[in-house]
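**Student:** The sequence and its predicted three-dimensional model are supplied below.
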Amino acid sequence: MYPNPLPILLLTFLLFSLFNQPCSSQQVSIFVNTITIQKSGDHISINWTGIRSPSNLDWLGIYSPTNSSHDNFIGYIFLSSVPDWESGSGRITLPLVNLRSEYQFRIFHWNESEVDMTKLDNDKNPLPGTKHLLAVSEDVGFVAGKGPEHVHLALTGRVKEMRVMFVTHNGEDHFVRYGLKKSRLDRVEGTRVSRYEREDLCDSPANASIGWRDPGFIHDGVMIHLKKGKRYYYQVGSDVWGWSETFSFVSPDDETKHTIAFMFGDMGTATPYMTFDRTQVESASTVKWISRDIEALGNKPAVISHIGDISYARGYSWLWDNFFTQIEPIASRVPYHVCIGNHEYDWPQQPWRPDWAVGLYKTDGGGECGVPYSLRFNMPGELSEPTGMRAPATRNVYYSFDMGVVHFVYLSTETNFLPESQQYQFLKNDLESVDREKTPFVVVQGHRPMYTTSTGHKDEPLQERMREHLEPLFVQNKVSLVLWGHVHRYERFCPMSNFTCGSLDKNGDDDWQAFPVHIVIGMGGQDYQPTWQPRPDHPDDPVFPQPAQSMYRGGEFGYTRLVATKKKLKLYYVGNHDGRVHDKVEIRAPGHRLSHTRGNVVESSFSWLFRNINAGAM
């Protein structure tokens, strides 16, 4: 008799399948150096061995919560990014942010023949395939009782107060305790709690499984009865759930004769991994240099101003967590003020969408419709705009406050600003009521610029209406300075109205007092940069010569410092690549006579500025 061939054929097939698999999950080992992390920003090491036939597309997936499907990763890192990956072993070390749920790491095999060009991220790169799972790590969690996170300050618009906000994993009672001595935090105030749910968000990915994560509970407390211009120490938390580390700030002082601010737009957040949307590596440098300047402040109050496109989460919730972890070192020490941008708000059903703006207001907000922005910040004033959906009305859209010698105004380019609107009436009434004896300088901020020489945008219909309706308010009320974001560059214009620079008076002095200075400061971190618009007579030169109204253009990432006294306001453009000043503008009060310096100017050291302020030289 001949032997039955079926068992032999089955064995042959199994052996063939085994040796033609890229590798087996049983053969690959993955392990972490700890399963317990102390606080956001702490590092973890993920080690692996045993990948027999590694591909340069094999990747590590980062998951939280741990029951996420393979496609719903938070981020990914290609194993080929580490040395000796071809050996089938390696290690990746990265910081983790507390998402109030455990993490898990998974390794997948992926090769070029399996790249699916129908599954792309928002930069049109193929998303990694999840067909071949090789290994799964242990679950990793954060230690309980270490206190709240995302601590950030804001002015309330009232003297002797400071707002503090933070996030916890539950809605239990939490407090802020504070005092003039680090060892004696003898004042205690409670906090209000808010939260948003998936159903409050307007579209995907924000309300889809791929983008939604538990945002936690947002606490909002106000420290009251503060002495003016004093350093206070504070903690947030509770005896039950733990307290944060001790932070400090300098309280507002309405009698101070100077104002200091750090200002930028379009910063975003850096992540140690790739994800569905590009993240902003340069944002970490912006925070680093501002932190340096805050150290140089000593006991002087200041404010940070971020004029739109805040976290660039765009519907991926964990990027808000990453953003607040990144800014906490500066936002816990200096009030952090924001202005709404297209990437916080825009969605197809937004209430104000006139015919001329159909091409402007798209899906840039990733379905968030302003909800995380509205609840994670609380700016002065009570004005809001309805969403027209279940989502609560959008807050923090336009407001103002005084700080020292400057009146700061924030407007919204994403909601109605035409003469019949609530916003227009707010701006008109606010600008007409400024006490110029108290605050000789008025600084207006909004996201999309009224003026820019960069190409690659579709905002001309918006700009035309801003020039028609808002610019007259700025000119009539002698606004000193107007700052814009959205274009990811720095550009300073001459004091200007309707594309016309100020002229010389009969004495030959710069008589620009009637016109505001417009500056685009959207260089905080987002790396997409449109080209400069060339002059018509130089169509092949996208950089120079620049239009006559444009006084300085810079492509470096960075931020601006504002330093003002009763006599003059100076704005400095600091580059992230070297931490030095590359442009400055000076506006004098009350005549707004102006001078400017290009290149690495003398005042590159912040301490130099303060020596001159204290000596009365400014």
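**Tutor:** Here it is on my side, so go on.

**Student:** For stretch 310-327, what does the pLDDT average out to?
**Tutor:** Per-residue pLDDT values across stretch 310-327 average out to 98.

**Student:** any idea how far that stretch is from the chain center?
**Tutor:** Its chain's C-alpha centre and that of stretch 310-327 lie 7 Å apart, by C-alpha atoms, centre = their mean, to the nearest Å.

**Student:** distance between the ends of that stretch?
**Tutor:** Separation of the first and last residues of stretch 310-327 by C-alpha to C-alpha, to the nearest Å is 11 Å.

**Student:** ok, and for it, which residues are buried?
**Tutor:** 310-327 (16 or more other C-beta atoms under 10 Å). Where C-beta positions appear, they are placed from N, C-alpha and C, glycine not excepted.

**Student:** Go through these and flag which are in helices.
**Tutor:** 318, 319, 320, 321, 322, 323, 324, 325, 326, 327 (DSSP state H).

**Student:** how about those residues in a markdown table, adding distance to residue 526?
**Tutor:** What follows is these, written out as a markdown table (distance: C-beta to C-beta, whole Å):
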| residue | distance to residue 526 |
| --- | --- |
| 318 | 18 |
| 319 | 13 |
| 320 | 16 |
| 321 | 19 |
| 322 | 15 |
| 323 | 13 |
| 324 | 18 |
| 325 | 19 |
| 326 | 14 |
| 327 | 15 |
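
**Student:** And these, which is closest to residue 570?
**Tutor:** If you rank these by distance to residue 570 using C-beta to C-beta, residue 327 comes first, at 24.8 Å.

**Student:** Quick one, grab the pLDDT at residue 529.
**Tutor:** pLDDT at residue 529 comes out at 81.

**Student:** In contact with the closest residue to it other than its chain neighbours: list those residues for me.
**Tutor:** Using C-beta to C-beta, 6 or more residues apart in numbering and skipping residues adjacent in sequence, the residue nearest residue 529 is residue 488, 4.9 Å away. Shown in contact with residue 488 (C-beta atoms under 8 Å, 6 or more residues apart in numbering): 266, 522, 523, 526, 527, 528, 529, 530.

**Student:** again, 10 Å this time
**Tutor:** By C-beta atoms under 10 Å, 6 or more residues apart in numbering, the contact list for residue 488 reads 265-266, 280, 282, 309, 454, 456, 520-530, 555, 557.

**Student:** Equivalent analysis for residue 43, please.
**Tutor:** Contacts of residue 43 by C-beta under 10 Å, 6+ apart are 33, 34, 37, 93, 94, 95, 96, 272.

**Student:** who's it bridged to?
**Tutor:** Using DSSP bridges, the beta-bridge partners of residue 43 come out as residue 95.

**Student:** just the helices in the stretch 251-400 of the chain please.
**Tutor:** 283-297, 318-331, 342-345, 371-376 (DSSP state H, counting those that start in this stretch).

**Student:** same thing with the stretch 1-150 of the chain?
**Tutor:** In the stretch 1-150 of the chain, the helices defined using DSSP H, counting those that start in this stretch lie at 6-20.

**Student:** still on that earlier bit, save the contacts of residue 43 as CSV, and put in neighbour count, pLDDT and distance to residue 343 too.
**Tutor:** Shown next, in CSV, are those (neighbours: other C-beta atoms under 10 Å; pLDDT from 0 to 100; distance: C-beta to C-beta, whole Å):
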residue, neighbour count, pLDDT, distance to residue 343
33, 12, 97, 36
34, 12, 96, 35
37, 21, 96, 29
93, 12, 97, 30
94, 16, 97, 25
95, 14, 97, 24
96, 21, 97, 24
272, 16, 96, 21
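
**Student:** Farthest pair within those?
**Tutor:** 34 and 272 (16.7 Å).

**Student:** which residues does the closest residue to residue 562 other than its chain neighbours contact?
**Tutor:** Spatial nearest neighbour of residue 562, excluding adjacent residues (C-beta to C-beta, 6+ apart): residue 261 at 4.1 Å. Shown in contact with residue 261 (C-beta under 10 Å, 6+ apart): 302-305, 334-335, 337, 403-404, 406, 408, 443, 483, 560-564, 571.

**Student:** let's see 7 Å
**Tutor:** By C-beta atoms under 7 Å, 6 or more residues apart in numbering, the contact set of residue 261 is 302, 303, 305, 562.

**Student:** Residue 273 too?
**Tutor:** Residue 273 neighbours (C-beta under 7 Å, 6+ apart): 62, 75, 76, 77, 94.

**Student:** surely the fourth one meets residue 61?
**Tutor:** No - at 8.6 Å, residue 77 does not count as touching residue 61 under the criterion of C-beta atoms under 7 Å.

**Student:** neighbour-wise, which of these two wins?
**Tutor:** The residue with more neighbours, out of residue 77 and residue 61 and counting by other C-beta atoms under 10 Å, is residue 61; that gives 23 against 19.

**Student:** Dig out what the more buried one forms beta bridges with.
**Tutor:** Residue 61 has these beta-bridge partners by DSSP bridges: residue 76, residue 106.

**Student:** same thing with residue 564?
**Tutor:** Here residue 564, judged by DSSP bridges, has bridge partners residue 259, residue 569.

**Student:** Could I get the pLDDT score of it?
**Tutor:** Residue 564 is assigned a predicted lDDT (pLDDT) of 97.

**Student:** ok, and for stretch 77-96, which residues are buried?
**Tutor:** 77, 78, 79, 85, 88, 89, 90, 92, 94, 96.

**Student:** for stretch 191-203, same thing?
**Tutor:** For stretch 191-203, by 16+ other C-beta under 10 Å, it's 191, 194, 196, 200, 201, 202, 203.

**Student:** Next one: the fifth one relative to residue 149, how far apart?
**Tutor:** Translated: residue 201. Separation of residue 201 from residue 149 (C-beta to C-beta, to the nearest Å) stands at 22 Å.

**Student:** Next: the first one.
**Tutor:** The gap separating residue 191 from residue 149 is 14 Å, by C-beta to C-beta.

**Student:** Surely residue 71 and residue 130 touch.
**Tutor:** Yes - applying C-beta under 7 Å, one finds residue 71 in contact with residue 130, separated by 6.0 Å.

**Student:** Mind checking which of those two has more residues around it?
**Tutor:** With neighbours defined as other C-beta under 10 Å, residue 71 and residue 130 compare such that residue 130 has more, 18 against 13.

**Student:** Would you mind listing the residues in contact with that one?
**Tutor:** Neighbouring residues of residue 130 by C-beta under 7 Å, 6+ apart: 70, 71, 108.

**Student:** Alright, calling it a day.
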